[in-house]
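**Q** Sequence plus predicted model, see below.
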Amino acid sequence: MTTRSASLISTIALGLLHMMVHAQIELRYEQNQTLSYDEVIAAYNYLDEKYDQAQLFNIGPTDIGRPLNLFVLSQDGDFDPVSIHERNKTVVFILNGIHPGEPPGVDACIEFSENVLSGYQGMDRYLEHAVVCIVPVYNIGGHMNRSPFNRANQDTPQETGFRGNARNLDLNRDFIKLDSKNARSLVNAIQEWEPEVFLDTHVTNGSDHQYTITLIPTVHQRLPDPMARYFKDEMVPALFQAMKSSPYEMIPYVNWVTRDPSNGIGAYFDAPRVSSGYASLFNIYSFMTENHVYKDFRDQVKSVYYFIDALVDFANQHADEIIETKRQGDAAVAGLDQFISAWEPDTTQFDLLEFKGYEMVRKTSALTGGQSMYYDKERPYTRTIPYYQYFQASGTITRPTSYIIPQAWDRAIERLKLNGVQMRPLNSDTTLEVESYYIEDVRHSDRPYNGHFRNSRIRVRKELQTIQFHKGDYVVVLNQPRNRFIMEVLEPTTEDSYLSWNFFDPIFDRREYFSPYGFEKKAFQYLEEHPDLRAAFMKKKMEDEAFATNHYAQLQFIYSNSPFMEKSYMRHPVYRYMGGLDWILEKK
């Protein structure tokens with residue numbers, strides 16, 4: 001072979017390789033197709049290799065055995081989160097593919113990344129004051145489980161992934177309990193990068209309307225001041241205005257008040273178990289986009305692309321305000337005295353919203369012969385409707401100075417650490433007077449919800465007790481920006497408390513019992529020595545005929561109101577300490 005021939009073959013080979021590399025990043029949403037997982041990672045690997053301003057990180061394991069990746073765009077090639085924050089750059093964290101049947105964000109983020117890195121239409125300016133972190137695909141197991149039949153309500157794209165992950169978990173219900181390896185890896189990355197802005201991309205069904213994209217901003221009233229004001233009055237309106245100027249006008253997520261949205265819509269309450277609700281616990285400006293399932297896939301991708309563009313552009317232009325309001329918010333939360341433990345919609349106030357929908361009508365189904373509801377696209381309308389976006393507190397709790405968690409409850413302790421909660425182990429056995437919660441009423445579910453038989457409708461009473469704690473038990477001091485997260489999971493009555501997610505279920509079992517034959521003599525003696533209990537016992541016998549004729553119930557009454565009854569039964573194993581902190585702060 002001649003040198004010239006070898007050179008020609010080498011040139012052709014390089015050209016073919018170049019074509020193959022570009023083929024890896026060629027998006028096919030115009031052809032109603034979304035990329036496979038391997039194609040997605042190949043695209044980001046290509047961008048990593050081509051641009052110094054990008055790097056693809058392995059941030060931990062997932063349940064399918066593939067690593068979870070994080071793609072970072074940084075103008076000066078600085079990929080150290082500490083250094084980035086020291087230089088006052090906002091961090092925008094974008095999560096894709098949490099539900100793999102909802103993939104427009106997966107494809108849109110690849111196109112957005114390439115355009116920013118290549119400087120398309122000057123988009124490299126977005127990185128002047130911002131760093132962008134992108135999870136290419138979060139639910140890798142579900143994304144790899146592709147089928148044209150995974151989404152019964154969706155015509156596009158041709159194939160999508162499956163909602164459940166490799167353990168059949170809905171990862172958008174796993175942000176508090178952290179059952180999946182995916183969630184533990186992701187949460188660790190969020191705590192490491194400490195973003196100011198968070199976005200999770202989704203697709204939704206429900207009512208039909210004229211919008212391709214809708215938005216769930218986190219509930220602004222849960223954010224601390226001045227974040228709440230800035231979010232509601234500046235940031236969210238600016239994003240809606242930017243989308244109105246794009247080809248894809250946006251509307252708040254269509255959360256019905258009644259099934260017909262023309263009667264009004266309400267803000268979606270994103271609980272801590274879901275992505276944006278979780279992020280907001282750490283004083284992060286958080287969003288979920290919800291593309292509309294009935295729109296063409298190409299338009300879904302393009303519309304979320306425009307939103308990502310608007311969000312990153314805003315974060316870059318307003319970096320100083322975002323960073324400063326979050327700093328003030330962190331300080332406010334660290335000093336928070338009252339914690340709102342429950343919320344309810346405030347229907348007394350609402351805003352007016354222009355809404356572009358379709359008339360809702362009923363017709364006889366050609367399939368079943370029954371009455372079917374549908375939206376008539378031949379009858380579009382534009383109407384002013386009420387938008388109920390306000391919530392009010394329906395429960396408050398006073399902050400303790402600290403919580404004390406016995407080391408035995410290591411599942412809870414591990415998750416607190418994963419979430420960046422600062423805590424200290426006791427270095428010696430210590431006796432303290434603390435507030436203990438006793439569970440007075442609880443409803444145990446009879447079927448699992450995302451892998452857990454949950455506890456709900458929890459009602460408690462509080463009791464002051466002297467408890468012996470041991471070396472190695474943990475003290476969580478409530479003087480940190482993560483106070484809202486801490487109280488959300490450690491107070492038993494909150495919607496997504498660790499108690500509600502079964503972390504402490506052994507407290508619902510008794511470990512000590514009494515035998516009527518063996519206990520009757522002690523019961524009689526205890527009543528004789530405690531006249532107040534005896535009076536209560538006699539009163540109950542007189543007023544309750546069934547009790548008066550039930551030998552075991554009478555002994556149970558005495559047992560339950562005596563020291564023989566185990567103190568740990570139905571006692572929440574996280575204790576509230578209300579005293580001063582010198583004793584713990586002095587112990588290193």
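**A** Arrived safely, thanks for sending.
**Q** I25 contacts D107, correct?
**A** No. Taking Cβ atoms under 8 Å as the definition, I25 is not a contact partner of D107, at 10.7 Å. Where C-beta positions appear, they are placed from N, C-alpha and C, glycine not excepted.
**Q** Which one's more surrounded, the two?
**A** When neighbours are counted by other Cβ atoms under 10 Å, D107 comes out ahead of the other of I25 and D107, with 27 against 20.
**Q** Secondary structure class of that one, three-state.
**A** Classification of D107 into helix, strand or coil gives helix, according to DSSP: H, G, I helix; E, B strand; the rest coil.
**Q** Over to N58?
**A** Using three-state DSSP as the criterion, the local structure at N58 reads strand.
**Q** check contacts around it.
**A** Contacts for N58 (Cβ atoms under 8 Å, 6 or more residues apart in numbering) come out as 67-69.
**Q** Quick check on these: which are buried?
**A** Neighbour-count burial (16 or more other Cβ atoms under 10 Å) applied to the contacts of N58 gives 68-69.
**Q** Sort out for me which of the contacts of N58 are in strands.
**A** 68-69 (DSSP state E).
**Q** Could you export the contacts of N58 as JSON lines, including distance to I507 and pLDDT?
**A** Conversion of these to JSON lines gives the following (distance: Cβ to Cβ, whole Å; pLDDT from 0 to 100):
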{"residue": "P67", "distance to I507": "37", "pLDDT": "98"}
{"residue": "L68", "distance to I507": "34", "pLDDT": "98"}
{"residue": "N69", "distance to I507": "40", "pLDDT": "98"}
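**Q** Dump the contacts of N58 to JSON lines, plus distance to Q480.
**A** Converted to JSON lines, the contacts of N58 look like this (distance: Cβ to Cβ, whole Å):
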{"residue": "P67", "distance to Q480": "31"}
{"residue": "L68", "distance to Q480": "27"}
{"residue": "N69", "distance to Q480": "30"}
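**Q** of all the contacts of N58, which comes closest to V477?
**A** Comparing the contacts of N58 against V477 with Cβ to Cβ picks out L68 as the nearest, at 31.4 Å.
**Q** Setting the sequence-adjacent residues aside, check what's closest to the closest one.
**A** The shortest distance from L68 to any residue other than its chain neighbours is 4.5 Å, reached at S185 (Cβ to Cβ, 6 or more residues apart in numbering).
**Q** Return the distance of that neighbour relative to I64.
**A** Taking Cβ to Cβ, to the nearest Å as the measure, S185 falls 12 Å from I64.
**Q** neighbour count winner among the two?
**A** Comparing S185 with I64 by other Cβ under 10 Å, the one with more neighbours is S185, at 23 against 20.
**Q** residues touching that one, list them.
**A** 59-62, 68.
**Q** which SSE is it in?
**A** Taking DSSP states H and E as the criterion, the element that holds S185 is helix 181-193.
**Q** For my notes, confirm F485 occurs in a helix.
**A** Yes. According to three-state DSSP, the state of F485 is that of a helix.
**Q** Pull up the gap between it and V421, please.
**A** Summarising the geometry, the distance separating F485 from V421, computed by Cβ to Cβ, is 7 Å.
**Q** swap in Y306?
**A** Spatial separation of Y306 from V421 under the definition Cβ to Cβ is 37 Å.
**Q** do P237 as well
**A** 34 Å.
**Q** okay, these two: which has more neighbours?
**A** V421 (21 against 11).
**Q** Can you give me every residue that contacts the more buried one?
**A** Taking Cβ under 8 Å, 6+ apart, one finds 476, 480, 482, 485-486 in contact with V421.
**Q** same thing but at 6 Å, please
**A** 482, 486 (Cβ atoms under 6 Å, 6 or more residues apart in numbering).
**Q** Q328 too?
**A** The neighbours of Q328, taking Cβ under 6 Å, 6+ apart as the test, are P226.
**Q** Tell me the confidence at it?
**A** At Q328, the model reports a pLDDT of 98.
**Q** before we move on, which element is it in?
**A** Here Q328 is covered by helix 319-334, with elements defined by DSSP H and E.
**Q** Any idea how far that helix is from the middle of the chain?
**A** When distances are taken as Cα atoms, centre = their mean, to the nearest Å, helix 319-334 is centred 21 Å away from the chain's centroid.
**Q** Only the buried residues of that helix, if you could.
**A** Within helix 319-334, the residues that qualify as buried by neighbour count (16+ other Cβ under 10 Å) are 319, 322-323, 325-326, 328-330, 332-333.
**Q** Output those in TSV, with distance to T396 appended to each entry.
**A** Shown next, in TSV, are the buried residues of helix 319-334 (distance: Cβ to Cβ, whole Å):
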residue	distance to T396
A319	34
I322	28
I323	30
T325	24
K326	24
Q328	22
G329	19
D330	21
A332	16
V333	15
